[in-house]
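**Q** just coords:
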């Protein structure tokens, strides 16, 4: 089927394969092979919030919620545990906000890996951040001493979103009256006093689903990332040096839904591109990105691109730029940006386009419209609002959530730029470029 006849697939529509359906201030302490040609691209627009929120714990899970009697005296100090990854930590911030509203007088502490601290810094709801520095905790005894020091803070409640071994050490040492998580396996169950099944739908809502054990329901809160004015000014100055337009988008971070397109047809703007990923099953090919970016410039002459990168990825983004015809409109930073510097630059971006990785969640937290190309991951990572869109083929093997592929990563390699471009252009007219 030629690209010009590709059908648009939305949530709730049938897919071209049988049996599949549309997817519904803080202190810092330290399957058989098959051949592919063109497949109809599925453009995923998330379900509405009421549809996602209409769920209950699965009947086969024996939930053990916290009895109201235990909450008659509000907790003074609460610890949240999510060690990694950066995106997952950011996706737990709605739960932080919910806990603050429910227990406004409580100190909220957060236990995570050092690399994740930047997305939590400046969060007004968090009192203390505990960062695990693996380079300093060189022996088991150093680790145990650190976990005991965290637990010695005197927590009345510990909420474990991950149940990794380091989290379990802290949970065990804490002796908190309430130690809440999702249903644990039998061999670690004695560590927890209460549990509740995670929610459904959007991943941040899944995490916050544990809080139903406290009588709290996720009401569509999106992730939050708090930047300082100095960080924004520094980002604006850097972007100006690179010749990128620093268009302000007032009110975008506070908006609770999509805003109308604000860019005039001939006005210059830039989009952040996240074209890297350490997992090949989540990384759209560079040649595809190059063709798409050239196509976008042909449609929107004022479009520019900022390509941030992570450790060891600089050569990769330079190679991508070399594949593009629109090189003059592509900026690769001369030095790797910190997480917070990248986030500050995003606040001036008209939109974000890329793989399923932490930057897309940072964009959502900052109110930036997002377009994501999906391979191995599912649509549960997309915030349920129209300005956040997924594009995927909807193959029988998707989502597999695997890091390797025995059939040549068909879900990404055969998701062609000429299939994606029409969807991007329509999206841009709806949410970015007016007229």
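**A** On my side now, so go ahead. Worth saying up front: this structure is predicted, and the values here are computed from it rather than measured.

**Q** Provide a list of residues in contact with residue 204.
**A** Counting by Cβ atoms under 8 Å, 6 or more residues apart in numbering, residue 204 touches 91-95, 218, 221-223, 383. Just so you know, the C-beta spots here come from the backbone N, C-alpha and C atoms, and that holds for glycine as well.

**Q** burial count for residue 112?
**A** 27 (other Cβ atoms under 10 Å).

**Q** for residue 202, that is, sorry about that
**A** Going by other Cβ under 10 Å, the residues that sit close to residue 202 add up to 28.

**Q** Distance-wise, check the nearest residue in space to it that is not next to it in sequence relative to residue 370.
**A** The spatial neighbour of residue 202 that comes closest, neighbours along the chain excluded (Cβ to Cβ, 6 or more residues apart in numbering), is residue 384 at 5.4 Å. Relative to residue 370, residue 384 is positioned 12 Å away (Cβ to Cβ, to the nearest Å).

**Q** Same question for residue 113.
**A** 25 Å.

**Q** Residue 79 contacts residue 161, doesn't it?
**A** No: look at residue 79 against residue 161 with Cβ atoms under 8 Å: they stay out of range, at 11.1 Å.

**Q** and residue 68, what is it in contact with?
**A** Shown in contact with residue 68 (Cβ under 8 Å, 6+ apart): residue 215.

**Q** neighbour-wise, which of residue 113 and residue 370 wins?
**A** Using other Cβ under 10 Å as the criterion, residue 113 and residue 370 rank with residue 370 on top: 25 against 18.

**Q** I'd say that one and residue 357 touch.
**A** No: assessed by Cβ under 8 Å, residue 370 is found out of contact with residue 357, at 11.2 Å.

**Q** Next, show the common contact partners of these two.
**A** Common contacts of residue 370 and residue 357, defined by Cβ under 8 Å, 6+ apart, are absent altogether.

**Q** Tell me the spatial nearest neighbour of residue 118, not counting adjacent residues.
**A** Nearest residue to residue 118 in three dimensions, chain neighbours excluded: residue 339, at 4.1 Å (Cβ to Cβ, 6+ apart).

**Q** So what does the one you found have for phi and psi?
**A** Main-chain torsions, residue 339, degrees, to the nearest 10: phi -60, psi -40.

**Q** residue boundaries of the strands in this protein?
**A** Under the criterion DSSP state E, the chain contains strands at 27-29, 42-44, 77-81, 107-113, 128-132, 157-160, 178-181, 194-195, 269-274, 303-306, 330-331, 351-355, 370-373, 388-392.

**Q** ok, back up a step: from memory the residue nearest to residue 202 sits against residue 221, does it?
**A** No: using Cβ under 8 Å, residue 384 is not in contact with residue 221; the gap is 11.4 Å.

**Q** out of those two, which sits in the more crowded spot?
**A** Neighbour comparison, residue 384 and residue 221: the larger count goes to residue 384, with 23 against 17 (by other Cβ under 10 Å).

**Q** what about that one, distance to residue 345?
**A** Taking Cβ to Cβ, one finds residue 384 at 26 Å from residue 345.

**Q** if we can go back for a sec, want to throw the strands of the chain into CSV with mean pLDDT?
**A** Formatted as CSV, the strands of the chain follow (pLDDT from 0 to 100):
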stretch, mean pLDDT
strand 27-29, 47
strand 42-44, 57
strand 77-81, 98
strand 107-113, 98
strand 128-132, 97
strand 157-160, 98
strand 178-181, 97
strand 194-195, 96
strand 269-274, 97
strand 303-306, 97
strand 330-331, 98
strand 351-355, 98
strand 370-373, 98
strand 388-392, 96
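
**Q** which of these sits most buried?
**A** strand 157-160 (a mean of 28; mean count of other Cβ atoms under 10 Å).

**Q** Okay, domains of the chain per the record?
**A** Following automatic domain parsing, the chain resolves into domains at 3-24+38-45+227-431, 52-214.

**Q** can you tell me which of the ones you listed the model trusts least?
**A** Among the domains of the chain, domain 3-24+38-45+227-431 has the lowest mean pLDDT, at a mean of 88.

**Q** what is residue 304 paired to in the beta sheet?
**A** Applying DSSP bridges to residue 304 gives these bridge partners: residue 270.

**Q** just so I have it, where are all the helices in the stretch 251-400 of the chain?
**A** Taking DSSP state H, counting those that start in this stretch as the criterion, the stretch 251-400 of the chain carries its helices at 286-299, 314-323, 339-346, 358-365.

**Q** Looks like residue 119 contacts residue 86 (just checking).
**A** Yes: counting by Cβ under 8 Å, residue 119 does reach residue 86; the two are 6.1 Å apart.

**Q** Quick check: neighbours shared by these two?
**A** Common neighbours of residue 119 and residue 86, counting by Cβ under 8 Å, 6+ apart, are residue 339.

**Q** For the closest residue to residue 383 other than its chain neighbours, give its distance to residue 381.
**A** Leaving aside its chain neighbours, residue 383 sits nearest to residue 364 (4.8 Å; criterion: Cβ to Cβ, 6+ apart). Using Cβ to Cβ, residue 364 is found at 10 Å from residue 381.

**Q** Comparing these two, which shows the higher neighbour count?
**A** Per other Cβ under 10 Å, whichever of residue 364 and residue 381 has more neighbours is residue 364, with 27 against 21.

**Q** Let me see the contact set for the nearest residue in space to residue 184 that is not next to it in sequence.
**A** Excluding its sequence neighbours, the residue lying closest to residue 184 (Cβ to Cβ, 6+ apart) is residue 192, at 5.3 Å. Counting by Cβ under 8 Å, 6+ apart, residue 192 makes contact with 160, 171, 179-181, 184.

**Q** mind redoing it with 6 Å?
**A** Listed by Cβ atoms under 6 Å, 6 or more residues apart in numbering, the contact set of residue 192 reads 179, 181, 184.

**Q** Could you give the number of residues near the last one?
**A** Burial measure for residue 184: 17 neighbouring residues, criterion other Cβ under 10 Å.

**Q** Quick check: phi and psi on it?
**A** According to degrees, to the nearest 10, residue 184 has phi -80, psi 160.

**Q** For residue 161, see how far away it is.
**A** Using Cβ to Cβ, one gets 12 Å for the distance from residue 184 to residue 161.

**Q** Tell me which of the helices of the stretch 251-400 of the chain is the most buried.
**A** Among the helices of the stretch 251-400 of the chain, ranked by average contacts under mean count of other Cβ under 10 Å, first place goes to helix 358-365 (a mean of 26).
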